[in-house]
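A.B. asks: Kindly return the folded structure for what I paste below:
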Amino acid sequence: MKKILITGGAGFIGSHVVRRFVNQYPNYHIYNLDALTYAGNLENLRDIEDATNYTFVKGDITDAVFLDDLLAENDFYGVIHLAAESHVDRSISDPLAFVVTNVIGTVNLLNAARKAWKDDLADHLFYHVSTDEVYGELHDPNEFFLETTSYDPRSPYSASKASSDHFVRAYHNTYKMPVVISNCSNNYGPNHFPEKLIPLMIHNIMQKKPLPVYGKGENVRDWLYVEDHARAIDTIFHDGQVGETYNIGGHNEWKNLDLVLLLCKIMDEKLGREAGSAESLITYVTDRAGHDLRYAIDATRLKTELGWEPSLQFEEGLTKTVDWYLNNQAWLDNVTSGNYKKYYEEMYG
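C.D. replies: You can find the predicted model right below:
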């Protein structure tokens, strides 16, 4: 069985990638490496935690000695690197934490892989998962991010991810490390930590709490259902060209306010509330510092070269997401209360 190391596999996107690989590839043994910080939740993977081709490893990518030992002891065919600090607001208040995890952590992992694979680099793959935020912001409504778009990060988060991308490419050019990189647009779907826009709004509507919208709600994002992202990662990992970058997007742009209004409509219908009930909770708050106006991905290369495209229209995906949260309120309560950590703290400390 080929061993695959997936970092950050207890997080939102990572858990969907881990589940897909465990279920789709019984000939792989998936090792899920996660530090179980606030955003790491092994409840996301309760359905596969006893699978014979799955192993969880608690560890931190900022610990270089730990990584060296882990990769030396296991002949990993590939690494899919998703572990990262990812919340822009947190990066504004504590940028150094993002440097340590996203930059130093990535370099630690690259070094560990280079040492472990030194005798046979060509038969391995280091897949680095990044974000569209490294490209900066778009002002022209007819412009889209391409794989060749120059980097222009504008927040500590995006700057840390841009730096990690550069290190991955540098290791490919300098050491011939076999790498691929993907840059994805905003994800949504089940198991999303409720500090992010969509799950926060769902939770607050359920609780009849204010719905905070930055500025006038005019910022535009391209949204992709998380399982489509996991499928794209699967496709790129198996069929992508070494040394190349692939943009992953939903072809699905929404202004923040329009998205919240649609979500309010869906939630009122699902909860049997009077139309407009959720919308009345919208509260405009001071805009975030350095808030980029628009992101939009051109994923043509991924479609034409590897045959991937999104499977869901946004309203369908958003309805599925709302249904999941309404049917999994215990998960949401455990996360918002912090109780989700208690069970696994007894097991892993």
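
A.B. asks: Report the contact partners of Met1.
C.D. replies: Asn27, Tyr28, His29, Asn53 (Cβ atoms under 8 Å, 6 or more residues apart in numbering). Just so you know, the C-beta spots here come from the backbone N, C-alpha and C atoms, and that holds for glycine as well.

A.B. asks: Next, work out how far apart the residue nearest to the first one when sequence neighbours are not counted and Tyr77 are.
C.D. replies: Among residues not flanking Asn27 along the chain, Met1 sits closest, at 5.8 Å (Cβ to Cβ, 6 or more residues apart in numbering). Taking Cβ to Cβ, to the nearest Å as the measure, Met1 falls 9 Å from Tyr77.

A.B. asks: can you pull out the strands in the stretch 1-150 of the chain?
C.D. replies: 2-7, 28-34, 54-58, 76-81, 125-131 (DSSP state E, counting those that start in this stretch).

A.B. asks: coming back round to it: now, which of the contacts of Met1 sits nearest Lys303?
C.D. replies: Tyr28 (25.6 Å; Cβ to Cβ).

A.B. asks: Surely the closest one is in contact with Lys3?
C.D. replies: Yes: judged on Cβ atoms under 8 Å, Tyr28 makes contact with Lys3 at a distance of 7.4 Å.

A.B. asks: Helix or strand with the lowest mean pLDDT in the protein?
C.D. replies: Within the chain, no helix or strand scores below helix 342-348, which has a mean of 69 by mean pLDDT, DSSP states H and E.

A.B. asks: Can you show me the helices along this protein?
C.D. replies: Remark: helices assigned in the chain by DSSP state H are 12-24, 64-73, 88-93, 95-98, 105-116, 156-175, 197-207, 226-239, 256-271, 300-306, 314-327, 329-337, 342-348.

A.B. asks: worst average pLDDT in those helices?
C.D. replies: Here the helices of the chain differ in mean pLDDT, and the lowest is helix 342-348 at a mean of 69.

A.B. asks: burial measure for Lys115, as a count.
C.D. replies: 12 (other Cβ atoms under 10 Å).

A.B. asks: brain fart, Phe237
C.D. replies: Neighbour tally, Phe237, other Cβ under 10 Å: 17.

A.B. asks: which ones are touching it?
C.D. replies: Here Phe237 is in contact with Gly78, Ile80, Leu125, Tyr127, Val180 (Cβ under 8 Å, 6+ apart).

A.B. asks: What's the separation between the nearest residue to Ser150 once chain neighbours are set aside and Gly249?
C.D. replies: In this structure, Ser150 finds its nearest non-sequential neighbour in Tyr135, 7.6 Å apart by Cβ to Cβ, 6+ apart. Computed as Cβ to Cβ, the Tyr135 to Gly249 distance reads 11 Å.

A.B. asks: shared neighbours of those two, which are they?
C.D. replies: Contacts common to Tyr135 and Gly249, judged by Cβ under 8 Å, 6+ apart, are Phe145.

A.B. asks: quick one, which of these two is more surrounded?
C.D. replies: Gly249 (28 against 25).
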